[in-house]
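In: sequence below, structure please.
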Amino acid sequence: MSLNLTPLAKAINSLEEAIEFSRSEMAKDLRVFRQFRNSVIQCFEFTYELCWKMLKRRLELDAPTPAAIDELSFNDLIRQAAVQGYLLDPVIWMNYRKKRNVTSHAYDEKMAQEVYEIALAFWWDAKDLLKNLEARNQ
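Out: So this is what the prediction gives:
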């Protein structure tokens, strides 16, 4: 059985676009950069959520007993995804979760910049996850 990965692909594309704007000539103005950074942070939030939800669905489809996946803690779910080859480094994904959970505090300049920088790295890992999920869909 396959997953509809279109929403995840669109979210990753939105994140990529937000990152491109944040690195553009327009972002040389600090006020404009902050707005683009806010966009990157928001895209990071919903892309991250879609990533782990799609990952969970894929693991449920792969599992002999899908209910067993529901019983896993988040960290165990991420470890299982790494064991099955969907993620390269589960520790990085656990860190993404920590940063995702502090995005509500991104009004703080230092925290906003940290989350922004994590989102830049996350974008590559999200694309890799999508590629791995697409490969299993076929």
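
In: hey, let's count contacts and neighbours off CA atoms from now on
Out: Fine.

In: show the backbone phi and psi for T65.
Out: When read as degrees, to the nearest 10, the backbone of T65 gives phi -130, psi 100.

In: and it, how far is that from L59?
Out: Here the criterion is C-alpha to C-alpha, to the nearest Å. By it, T65 lies 10 Å from L59.

In: quick one: which of these two has more around it?
Out: L59 (21 against 11; other C-alpha atoms under 10 Å).

In: is it true that that one touches I69?
Out: Yes - under the criterion of C-alpha atoms under 8 Å, L59 makes contact with I69 at 6.9 Å.

In: now for these two: what residues contact both?
Out: Taking C-alpha atoms under 8 Å, 6 or more residues apart in numbering as the criterion, L59 and I69 do not both touch any residue.

In: number of nearby residues for K110?
Out: Residues near K110, counting by other C-alpha under 10 Å: 11.

In: and if you look at F44?
Out: 31.

In: can you report phi and psi for the closest residue to it other than its chain neighbours?
Out: Leaving aside its sequence neighbours, F44 sits nearest to A119 (C-alpha to C-alpha, 6 or more residues apart in numbering; 5.7 Å). Here the main-chain torsion angles of A119 (degrees, to the nearest 10) amount to phi -60, psi -30.

In: thanks a lot, catch you later.
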